[in-house]
Structures are given as structure tokens and as C-alpha cells.
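Chemist: pasted the sequence and its predicted model underneath.
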Amino acid sequence: MSNSRTYDSDQAGGHPPEMHQQDLDNLIKQFDNESNFRNLKGVLKWLVTAACVVLSLFHIYTAGFGLLNEVSHRTVHMAFIMGLLFLVFPRRRPNRPKVATTMGLAYGAFYLLIAYQLVGALGSQMPAWWGWGIYAFAVMMAISALPLSFLGNGHKPGWLDWPLAVAGAGFSAYLVIFFEEIFIINVGFPQTFDYLMGGIAIMLVVEGARRTMGESLSVIGVLALLYAMFGPQLPGVMAHRGYDVIRLVEHLYLGTEGIYGIAIGVVATYVFHFVLFGVLAQASGLGQLFIELATMVAGRYSGGPAKVSVVSSGFFGMISGSPVANTVTTGAFTIPMMQRYGFSGRFSAATEAASSCGGQITPPIMGASAFVMSEMLGVPYNELILIAIIPAAFHYLATLCMVHFEARRLGLKGMPSDEIPRLGDVMARHWHQVIPLVVMVTLLLMQFTPFLAAFWGIILTIVCSYIPLLLKPLGFDRLDHESVLTPRRLMYGLEEGAKQSIAITAACACVGFLLGVTTLTGLGFKFSGAIVGLAHDFGGTLSALIPFDLVTEDGLTLFIALILVALACILMGAGIPTTPTYIILASIVAPALDDFGIALLATHFFIFYYGVLADVTPPVALAAYAGAGISGSDPMRTGTTAFRLSMGKALVPFMFLYAPSLLFLDFTWTEFSLAMISGVLCIVALSAAYIGFFSAPLSRAEKTLLTIAGLVLVGNSPWLIAIAGAVVLVILGRNYRSGQSSLAVA
């Protein structure tokens, strides 16, 4: 962030700089890699628009009238996406030129290594010019990875982008065109050219992930491939037999375990449709409806604008899928409003960021990761919706509690009645915009396929947007006429939906490397074995130091394992979108908890929650940094505050692992009731301790006791819960009486 945009807004009542739409768009591009599109012009713009519209129409048609076979559907999707990627996304501008040069050289060396091994393995089976051709392509890829100014960094594609776009579309189109020969006639016996195309595919997927996601994910993909290739040279438990590039191409390119694996399958059948629905729903005014409903529900209470931010961001986050875009879109309205009513810029931006990240864990849509989870676990999506209700409620309860206590501490009031819309007026203007969402959720609950539900959601969003025009001659003038999806706006929505899917597709293709290597080498079991071993070592040592057997060795070992897994989730999720983060964690980290007898569904929810938490965890808290750009507050301090406001999201996974009844697993009313009571007390106690206020200011000793008691309440020991609960009730009860006495004196 440039310091020129930052001012001292950490004090309550600061006023942010005026933000125009261009400023907001720049913020999204700065912090959301997935939306960093070129501003194309002329013939190229129309070419890209046409390709995006065709791709969107292809997915709408297949969602409603039947998918192609598995491989063909995924390869058609990838052919469009990879062809568009190098035209739509600019080469990344290096913040640190020396580091960028070093990384570029490393990528170049990797591309040349792939070419060298391919030519070495296939040299006698192909013409010499094929070998020189693959070397030339690797050199071109190596040049593209370097931060060279003459290659172009602006909004016009450079001279290397065109051949990369053609090759990107080509390696998937090759599988579509020669589908019968590759997958039916010669199945199990790939031809020489198949291997060459596979090598090109590996290079382009790495470069595509680097261009759209940055270094984090592409480095993980490269390391996974190097791990597979050089297994025999590795020490200790990490060593394995090793696989040459020929075997990797067969596994990653010519099968459904790598590039075209489950990750791309979910994107091409579920994620794309819901991204497109979200874009069209927002264009039709659904986002404005959410804000008005949230204002109506929460605006009148103490600290109303902040509570509006929490509720509206939760609504909007369900259909947005991007915490950064959600933060900027709703934050453009809520953050300045919070500051006008007395909240500091830092707290305002952090509240918006924490709430926006919560949208991805909130039923009934929950972002794209829930569809991946449903596919990986074989659990019907309508069951996941029900399972997610209690954990999501706890997250928002925690955020609302801290917002409420901060408002009470500052003595802030609610919004005036003339600024709060009436339900009748809101529904009179927007009732037609609710129909697509209601129909889509109903179809999901009725166990129709998610892509069919999204199909009807998209179709009804388009159709219902015309209701104001159709009813206007009948005298219905109160409906929102600005939300009609005219042909121009519809085309823009179809284009934007396809563009929003490019980065997530590239990321999931790169994640396919990790999934494929994991199945080849058993990497997940080795990683989980290391975590289990560390947990047992630390658990045994610490249990010997705790007197009176207050905590068993098994209980302490499980707790340490959960801490290690949570840290791994946050670190691996830094700067990577939620969906690829979840896929990585599910394949590498999740097996670590299998040895502790934890239900597989609970394990996946645990890593899912901590993967989402990475967006508000410094030093890569992108959603918080975007919010800080609107409020003018310090980005790092805003990220720290957003992490604290996301406390509910950090504690809820421990709650439902210790009490699976919260996920309706092994359900008993006794465990469920105890977990609900202890969970609410835990959230209230920790929220009050963090803010330092309940009904009156809390002393340092009271905050310390509330923190300790709140953490104890996360566990599953009834007598410890009873003691901690009693401590919380006594402290908060005394504080409440103190607050009432102060009011009486005043």
C-alpha cells in the first residue's frame, strides 16, 4: 500500500478519503489476483468477449441439458480457460525486481528440465525437429517468467502472450480432437506426440497459476513435481522410488488424477455455474437487496452500521465466492458508514473483512469449496448445508458480540429511523430478485444436482430481471427498473462470469499436480505421519509436567495435533484462494487426524474453516488489506484486528471436533445442548475479554480470567466446562451490575 493513501483513522470517528468506482476497481485488482484483468480494447476485446460468452453459454446449456463425458467436458472447459488466461491476465509486475529475477530464473530452469527429460526419454522415437521445438518452447516459457520490460506488462498482450494463448488452448483441444485415438483406441499406449503435449501442458499450467495466483501456488506445484521426480535422492521418510517425466505425463495429463482431476471437474461442473450466478445476481440488484435487508434487521441497534456490515457481508459472501471482492463491494458502503457513526477506520475495515470471509462458510451456498467437499466425501450437498448451520451461526455470533461490545464501549447508538428502510418498501422494490435464489436453494434442498439448481438460478435471474418492465404498464412502478439485464448488461455478465472463473481454474489445474503426486508417492500419509509423530512427542512430554492428571496424554496429543494442523492450514492458505487451499489441505493435511478417530466430515470442516481464515491472517490478510485501502487505516494492524474479530471461525472447528453433535454427527441431545451452552458462553467471554468491555469496562484480571475460562469452554470435559462456565457467569454478572449502577448514578 502506498503511504499517500493512509491517514490516522485508527481513532474513532475518522473520515476516510472519498472512494470512486475506479479506486474500488483498483483495490480489487491490487489485492484480488483473481480479478486482475487487462482492460482490453478494439478487436481483441471483442474476441475475448465472444470467447467468454461462448464458454458461459456452453456451461449453461450443459447444466440444463446434460454434461459431456467426464474427460471431454473438462478438456473443453480447460481449452477455453487456458486460451483466455494469457490474453486476459497481464504479466505480474515485480515489487522486488531482484527476487522476481531469481524466481524467474528458477521457473526457467524448471521448464528447461522438463524439456530435457522429455527429449532424453523420447529422442529415438521422434524427428529431431520435434526435440528442438520442445526446447524452443521451454526457452520461450523461461523468457516469459523473467521480469523483462520489453515483454510488456500493460493492458495490451505482449508478443509472447499470443503463442502462449494458442498453446494453452491447444493442449486441451488436442485431447478433445483426438479423444477416440487417445482414450479408446490407444488407451494405455500413449504416442510420442501425446507426451510432448503433456510436457507443454505441465509448463503452461505452472505459468498460468503463477500469472493468476502469484508465486505461492505455482511454487507448491513445482515442488510437488520435483518431489515426484527426485524421490530417490531425498533423505529419510520422504524418499520414494521416483518417477520420470514420462510417467508423470501419463498420470497428470492423460488421465483424471492430475490436471483434469477432481479439482477441475468440480470447477467445470459446479463452481463455474455458481460464479456466473453470483455475477448475474449482483448485476440484477441482489447485492443492494442484501444491504437493505441487513440495514432493516440490524441498523437500529447499538453500533448499527457495523452490524449491518456483518449481516450484509454474510449475505453477499454466499454468492460472491471472493472475500476480497466482497470486502470491497460491500465495504464501499459499510466502511465509510461505520466511520461516520464513530468506529475507528481500523475496526471498520477489520469488521468488513472478517464478515466477508464468513460468507464462504455460510449456507446455503457457502462458496465453491463446499461443492468440492461434497464431491470428495460423497456427501450430498443438501446435507452439507444443514451441517454447516451451527458453525456458521457461531462465527457470526462472535463477530456480532465484539461489534456490540465495541459500540457499547464507545457509547455509540443505532442508525436513525429515517435511514432504516421498511420491509414493505424493500420487498415492493425487490421481491422479484428473491425468486431465483429461493428456487435455487429449494432445488438444492430437494437433492437436485447443484449445476441443475444453478442452471435454474441463472435462467430465472435473467427472466425475473424483466418483471419490472413487464409489470410497468399495469401500474407497478415501485419495482427496481435499473436491474434489468438488457442484452448489453447480460453479455457483460456472461463475460465477467467466465473471466472470474479463469484464475480458479488455473489454480485448480496446478493443484492437480499436488493431488496426482500424492496418489503416486503417498505424500499425504508421510506428511500426516510427521504431524502425528510430533503431536505424540509433545503430548507425552507436556502431560508429564501437568499435575493431578488434569489432562490425559491422549487428550493433550489430540490438542497439539489440532494446533499443528491449524497452523499448517493457515500457512498453506496464505495468498491462495479458498478452493485450491481446501483441496491441498484435504489431500495433504487431513489424513493426519485419521489416527485420532475423528470423523472424516469433521476433519474436512476443520481444514475448510482454517483455510478460509488465511484471508484475514497476517502477514497475507488480503481481505483485511483491501478493507484498509478503503478506510485509510494501517494494513497490518487492520489484518491483526480482523484476525481477532474472526475468533469465532478459529474456535468453532475445535468446538465441533470435541462435540461432533454440533455437526449432527453421532448426535445426542446431551452433548449438543452442553456444546451449545458452552459455545455461547465461550464466545461471549472471549469477545468481552478482547474488547475489554461487557456492560462496564473490564479490569486486566477479569480479561485474563475470561480468556482462560473461554478457552477451557472449548473442550469436552463436563466438570471443567462447569467450572469455567461458573467463572464466566460470575465475572459477567458482577460487571453487568456494575454497569447498571453506573447508569443509575448517571
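Modeler: Looks like it arrived, so ask away.

Chemist: for the helix or strand containing Val438, name the packing helices and strands.
Modeler: When elements are assigned from DSSP states H and E, Val438 belongs to helix 423-445. Applying 3 or more C-beta pairs under 8 Å, 6 or more residues apart in numbering; DSSP states H and E, one finds that helix 423-445 makes contact with helix 272-283, helix 286-298, helix 381-387, helix 450-464. Bear in mind the C-beta positions are built from the backbone N, C-alpha and C, glycine included.

Chemist: can you redo those as TSV with distance to Ala63 and mean neighbour count?
Modeler: Listed next are the helices and strands packed on helix 423-445 as TSV, based on distance: least, C-beta to C-beta, whole Å; neighbours: other C-beta atoms under 10 Å:
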stretch	distance to Ala63	mean neighbour count
helix 272-283	5	27
helix 286-298	19	22
helix 381-387	15	19
helix 450-464	4	22
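
Chemist: which residues does Arg300 contact?
Modeler: By C-beta atoms under 8 Å, 6 or more residues apart in numbering, the contact list for Arg300 reads 414-415, 417, 420.

Chemist: just checking, which of those belong to helices?
Modeler: Assigned to helices by DSSP state H, none of these qualify.

Chemist: buried subset of those?
Modeler: 414-415, 420 (16 or more other C-beta atoms under 10 Å).

Chemist: closest to Val484 out of these?
Modeler: Distance to Val484 across the buried ones among the contacts of Arg300 (C-beta to C-beta) is lowest for Ile420, with 27.1 Å.

Chemist: buried set for the helix holding Val438?
Modeler: 426-427, 429-430, 432-433, 436-437, 439-441, 443-444.

Chemist: biggest separation within those residues, which pair?
Modeler: Arg429 and Leu444 (26.4 Å).

Chemist: okay, the buried ones among the contacts of Arg300 in JSON lines with distance to Ile60 and pLDDT next?
Modeler: Listed next are the buried ones among the contacts of Arg300 as JSON lines, based on distance: C-beta to C-beta, whole Å; pLDDT from 0 to 100:
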{"residue": "Gly414", "distance to Ile60": "43", "pLDDT": "82"}
{"residue": "Met415", "distance to Ile60": "40", "pLDDT": "84"}
{"residue": "Ile420", "distance to Ile60": "38", "pLDDT": "85"}
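
Chemist: where does the protein dip in pLDDT?
Modeler: The chain contains residues with pLDDT under 70 at 1-33, 92-95, 149-154, 317-322, 367-368, 475-481, 547-551, 573-575, 619, 742-746.

Chemist: mind giving me the domain ranges of it?
Modeler: 32-255, 266-485, 671-746 (automatic domain parsing).

Chemist: adding distance to Val511, write those out as a markdown table.
Modeler: Formatted as a markdown table, these follow (distance: least, C-beta to C-beta, whole Å):
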| stretch | distance to Val511 |
| --- | --- |
| domain 32-255 | 7 |
| domain 266-485 | 10 |
| domain 671-746 | 31 |
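
Chemist: just the ones you listed: most buried one?
Modeler: domain 266-485 (a mean of 22; mean count of other C-beta atoms under 10 Å).

Chemist: that one: end-to-end distance?
Modeler: 28 Å (C-alpha to C-alpha, to the nearest Å).

Chemist: can you start the count at 49 instead of 1 from here on
Modeler: Okay, using 49 as the starting number, the last item reads as domain 314-533.

Chemist: helices along the stretch 649-794 of the chain, start to end?
Modeler: Along the stretch 649-794 of the chain, the stretches classed as helices by DSSP state H, counting those that start in this stretch are 670-679, 683-693, 695-706, 717-739, 748-760, 766-793.

Chemist: Ser591 versus the residue lying closest to Met385 once chain neighbours are set aside, what's the distance?
Modeler: Sequence neighbours aside, Pro353 is the residue nearest to Met385 in space, at 4.4 Å (criterion: C-beta to C-beta, 6 or more residues apart in numbering). Pro353 sits 48 Å away from Ser591, going by C-beta to C-beta, to the nearest Å.

Chemist: and what of Met724?
Modeler: Distance from Met724 to Ser591, by C-beta to C-beta: 29 Å.

Chemist: before we move on, what about Ile756?
Modeler: 19 Å.

Chemist: cool, Leu115 as well?
Modeler: Distance from Leu115 to Ser591, by C-beta to C-beta: 53 Å.

Chemist: spatially central, which residue of this protein would that be?
Modeler: Thr626 (2.5 Å; C-alpha atoms, centre = their mean).

Chemist: test my guess that it contacts Leu661.
Modeler: No. In this structure, Thr626 is not within contact of Leu661 by C-beta atoms under 8 Å, at 9.8 Å.

Chemist: excluding covalently adjacent residues, which one is nearest to Glu601?
Modeler: Glu601's closest residue in space is Ser591 (C-beta to C-beta, 6+ apart), at 4.1 Å.

Chemist: neighbours of the one you found, just the number please.
Modeler: 17 (other C-beta atoms under 10 Å).

Chemist: a helix runs through it, doesn't it?
Modeler: Yes. Under DSSP: H, G, I helix; E, B strand; the rest coil, Ser591 falls within a helix.

Chemist: please tell me how far it sits from Val358.
Modeler: Ser591 is 40 Å from Val358, by C-beta to C-beta.

Chemist: can you list the contacts of Arg348 in TSV and add distance to Cys556?
Modeler: What follows is the contacts of Arg348, written out as TSV (distance: C-beta to C-beta, whole Å):
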residue	distance to Cys556
Gly462	44
Met463	42
Ser465	48
Ile468	42
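
Chemist: which of these sits closest to Pro384?
Modeler: Nearest member of the contacts of Arg348 to Pro384, counting by C-beta to C-beta, is Met463, at 13.6 Å.

Chemist: report all helices and strands that the one helix or strand Val356 maps to contacts.
Modeler: Using DSSP H and E, Val356 sits within helix 352-368. In terms of contacts (3+ C-beta pairs under 8 Å, 6+ apart), helix 352-368 is packed against helix 320-331, helix 334-346, helix 371-388, helix 393-406, helix 437-458.

Chemist: for the closest residue to Ile339 other than its chain neighbours, which residues are in contact?
Modeler: What sits nearest to Ile339 in space, not counting adjacent residues and going by C-beta to C-beta, 6+ apart, is Ser360, at 4.7 Å. With contact set as C-beta under 8 Å, 6+ apart, Ser360 has these partners: 338-339, 341-343, 378, 382, 403.
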